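Asker: just a sequence and a predicted model for now, questions to come.
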Amino acid sequence: MLLTSALAVLTLGQSATGPAALPDPAELTTIVAARDADLFAVMFDRCDPQALSDLVTEDLEFYHDRGGLTATRTAFVQDYRQACEAATGPQAYHSRRELVPGTMRVYAIPGVGAVEEGRHRL
């Protein structure tokens, strides 16, 4: 199954003088690609709730096409923990996610971070 998705994966900290500056587009794409790989390796390959918790912020907003909004890191990680436990059985479905090469695009959002868009095989 191919899926096109957009994922906000980079948020920027605030300083006393305002939002942090974004890196140049090539560097931003490299950063987002690395964070994307880390996030999905944890979620699909390792099934590691603690590592997932370390990768996302408490104010996470995750929109699922079936489940709707999950509005905090705590709720997101708890849902993920339950999915990991359900995936331990011999008959369990084991999902995967593969980014289609050449489809990732990163768009800077000044003062906020960036959005990633790409096609994925699930």
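Answerer: Received it, and whenever you're ready, just let me know what you need.

Asker: quick one: the strands in this structure?
Answerer: Secondary structure of the chain, counting by DSSP state E: strands at 2-11, 14-15, 18-19, 62-64, 68-70, 98-99, 105-109, 113-121.

Asker: pLDDT (mean, whole number) over the third one?
Answerer: If I follow you right, that is strand 18-19. Taken as a whole, strand 18-19 has a mean pLDDT of 60.

Asker: ditto for stretch 31-46
Answerer: Mean per-residue pLDDT for stretch 31-46: 91.

Asker: weakest of the strands of the chain by average pLDDT?
Answerer: Mean pLDDT per stretch puts strand 14-15 lowest among the strands of the chain, at a mean of 46.

Asker: quick one: residue 84 and residue 49 touch, right?
Answerer: Yes: using Cβ atoms under 8 Å, residue 84 is in contact with residue 49, at 6.4 Å. Yep, even glycine has a C-beta here, placed from its N, CA and C like the rest.

Asker: who has more neighbours, those two?
Answerer: Neighbours per residue (other Cβ atoms under 10 Å) separate residue 84 from residue 49, with residue 49 holding more: 20 against 16.

Asker: distance of the more buried one from residue 80?
Answerer: 6 Å (Cβ to Cβ, to the nearest Å).

Asker: what do you get for residue 112?
Answerer: With distances taken as Cβ to Cβ, residue 112 is found 24 Å from residue 80.

Asker: so between the two, which is more surrounded?
Answerer: Neighbours were counted for residue 112 and for residue 80 using other Cβ under 10 Å; residue 80 has more, 20 against 13.
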